[in-house]
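Visitor: What would the 3D arrangement of this be:
(chains A and B)
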Amino acid sequence: MSDATIVLIVMTVGTFALKSAGPLVLGDRPLPVRVQRAVDLLPAALLAALTIVSTMGDGREIVIDARLVGLVVAGIALWRRLPFVVVIVVASAATALTRLIS
Amino acid sequence: MNDLDDAVRRRAIHRQAASIIAAVAPFGIVFGAAAATAGLSLLQAIGFSALVFGGSSQFAAVEILGDGGSVASAAVAGLLLNVRSLAFGVVMAPALFGAWWQRAAMSQLMIDESTAVGAAQSERRRRRYGYLVAGIGVFVVWNLTTILGHVAFAGAGDLITDLGLDAAGPAAFLALLWPRLSSAPQRRTAIVGALIALALIPFAPPGVPILASMLGVVAARFGKLDEQPSDAPIDESGIVL
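Guide: Got it, this is the predicted structure:
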């Protein structure tokens, strides 16, 4: 079995357990405040890490290349409240253009 | 509640759901492309979109696998991004009434979008209706666009870098993060999480820096005590999947 298939199976089972715990087991009993707070904040930490690592990581090396230009442009597009499609297109275009002229 | 009123409310729910469902389409294409680039087969990509059905967690797992990370770090990072489903489940539980197998089936649709539309309604039957309309709609569009993205970009090779599409992944992660940055504790968590991950890249195997970033949650505690982490874990714009 390939690595991706194992990850798929583990995530399918685990995610379903997380999704169904409320409707099947817990009901509407609120989560403890500390747990709720951690649950609220967790995605911000992980998504920020994924943003940085997918932009500047290359195995165990930190590299600064055209992807960083794309990310900055994406940030500007998001700040200007442009739709997601536009964010992706301008980020990709900026990255391609940087490669072309460097 | 008379029929006319009901019809009007249903139409309002359809409108809310439609804009959220449409917003998912480009994300699905980017996910399909990312899965293809990371070496996943079409069947594996569809498996993630249909069985896991949690956008940011799928992106995370595929990113870490593509970067050469271990099975454990990819699976754990993906699952951590779905821990919030637990909180959504508690919010939606009273509205998702029915036999146990019906509640189990409806649980599979527990994502940001379905919870956002469902929780926005005033009465439990409408909450369930909104949850199901948005959940099923996103499920269909997400899977179709996953296929589209995978088929379009499988074997694209050099074309990916030529077109700058390797920046689509980082841009997608930033877009998922963006709506969360409106509160100070969330911003602190994000900054510290990013710095931890960046600092660990040279010293830890791929995937581990991502997992270590969750220590960034601790950073939020250094704010003012009366600050709330965030009023709504769900983004109404529907961009957070």
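Visitor: how about the helix or strand bottoming out on mean pLDDT in chain B against chain A, any contact?
Guide: Least confident helix or strand, chain B: helix B:158-162 with a mean of 82, by mean pLDDT, DSSP states H and E. Yes. Using Cβ under 8 Å from any Cβ of the partner chain as the criterion, contacts between helix B:158-162 and chain A involve B:161, B:162. Just so you know, the C-beta spots here come from the backbone N, C-alpha and C atoms, and that holds for glycine as well.
Visitor: Kindly report the same for stretch B:135-148.
Guide: No. If you take Cβ under 8 Å from any Cβ as the test, stretch B:135-148 misses chain A, and the best it gets is 10.7 Å.
Visitor: And that stretch, what's buried?
Guide: B:135, B:137, B:138, B:139, B:141, B:142, B:143, B:144, B:145, B:146, B:147 (16 or more other Cβ atoms under 10 Å in any protein chain shown).
Visitor: List the contacts of that stretch.
Guide: Applying Cβ atoms under 8 Å, 6 or more residues apart in numbering or on different chains, the external contacts of stretch B:135-148 come out as B:17-18, B:20-22, B:24-29, B:31-32, B:35, B:42, B:45-46, B:48-50, B:53, B:55, B:106, B:109-111, B:113-114, B:241.
Visitor: Just those: which are in helices?
Guide: If you go by DSSP state H, the contacts of stretch B:135-148 have B:17-18, B:20-22, B:24-29, B:31-32, B:35, B:42, B:45-46, B:55, B:106, B:113-114 in helices.
Visitor: Just the closest residue of chain A to chain B, please.
Guide: residue A:22 (2.3 Å; Cβ to the nearest Cβ).
Visitor: Please work out how many residues are found near that residue.
Guide: Close neighbours of residue A:22, defined as other Cβ atoms under 10 Å in any protein chain shown, add up to 26.
Visitor: Relative to residue B:155, how far out is it?
Guide: 42 Å (Cβ to Cβ, to the nearest Å).
Visitor: Could you do residue B:57 as well?
Guide: In terms of Cβ to Cβ, residue B:57 sits 26 Å off from residue B:155.
Visitor: Between these two, tell me which one has more neighbours.
Guide: residue B:57 (29 against 7).
Visitor: Tell me the pLDDT of the closest residue to residue B:149 other than its chain neighbours.
Guide: Nearest-residue entry for residue B:149: residue B:32, 2.3 Å, with adjacent residues in sequence omitted and distances by Cβ to Cβ, 6 or more residues apart in numbering or on different chains. Note on residue B:32: pLDDT of 95.
Visitor: ok, back up a step: tell me who's in contact with the residue of chain A closest to chain B.
Guide: Shown in contact with residue A:22 (Cβ under 8 Å, 6+ apart): A:28, B:86, B:88, B:89, B:90, B:91, B:92, B:93, B:107, B:110.
Visitor: just to revisit the earlier point, and of the buried residues of stretch B:135-148, the nearest to chain A?
Guide: Lowest distance from chain A to the buried residues of stretch B:135-148 (Cβ to the nearest Cβ) belongs to residue B:135, with 10.7 Å.
Visitor: Kindly list the longest helix within chain A.
Guide: Max-length helix for chain A by DSSP H is helix A:33-56.
Visitor: Does anything pack onto that one? Which helices or strands?
Guide: helix A:66-79, helix B:55-66, helix B:71-80, helix B:84-92, helix B:168-177, helix B:184-200, helix B:208-212, helix B:216-219 (3 or more Cβ pairs under 8 Å, 6 or more residues apart in numbering or on different chains; DSSP states H and E).
Visitor: Quick one: list the elements packing against the shortest one.
Guide: Judged by 3+ Cβ pairs under 8 Å, 6+ apart, the packing partners of helix B:216-219 are helix A:33-56, helix B:184-200.
Visitor: Kindly report which one of those helices carries the lowest mean pLDDT.
Guide: The minimum mean pLDDT among these belongs to helix A:33-56 (a mean of 89).
Visitor: Pretty sure residue B:121 sits in a strand.
Guide: No. Assessed with DSSP: H, G, I helix; E, B strand; the rest coil, residue B:121 is coil; it does not lie in a strand.
Visitor: Quick check, it in contact with residue B:134.
Guide: No. Contact status for residue B:121 versus residue B:134: not in contact, 10.6 Å apart, counting by Cβ atoms under 8 Å.
Visitor: Which of those two has more residues huddled nearby?
Guide: Using other Cβ under 10 Å as the criterion, residue B:121 and residue B:134 rank with residue B:134 on top: 29 against 19.
Visitor: Please name the residues that touch that one.
Guide: B:16, B:17, B:20, B:21, B:113, B:114, B:116, B:117, B:118.
Visitor: at 6 Å what do you get?
Guide: Applying Cβ atoms under 6 Å, 6 or more residues apart in numbering or on different chains to residue B:134 gives the contacts B:17, B:20, B:113, B:114, B:117.
Visitor: before we move on, the earlier item: pull out the buried positions in the longest helix of chain A.
Guide: Buried residues in helix A:33-56 (16+ other Cβ under 10 Å): A:36-56.
Visitor: Check stretch B:62-77 too.
Guide: B:62-67, B:69-71, B:73-77.
Visitor: Now distance to chain A too, for these, in JSON lines please.
Guide: Converted to JSON lines, the buried residues of stretch B:62-77 look like this (distance: Cβ to the nearest Cβ, whole Å):
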{"residue": "B:62", "distance to chain A": "8"}
{"residue": "B:63", "distance to chain A": "6"}
{"residue": "B:64", "distance to chain A": "8"}
{"residue": "B:65", "distance to chain A": "6"}
{"residue": "B:66", "distance to chain A": "9"}
{"residue": "B:67", "distance to chain A": "7"}
{"residue": "B:69", "distance to chain A": "9"}
{"residue": "B:70", "distance to chain A": "8"}
{"residue": "B:71", "distance to chain A": "5"}
{"residue": "B:73", "distance to chain A": "10"}
{"residue": "B:74", "distance to chain A": "5"}
{"residue": "B:75", "distance to chain A": "4"}
{"residue": "B:76", "distance to chain A": "9"}
{"residue": "B:77", "distance to chain A": "7"}
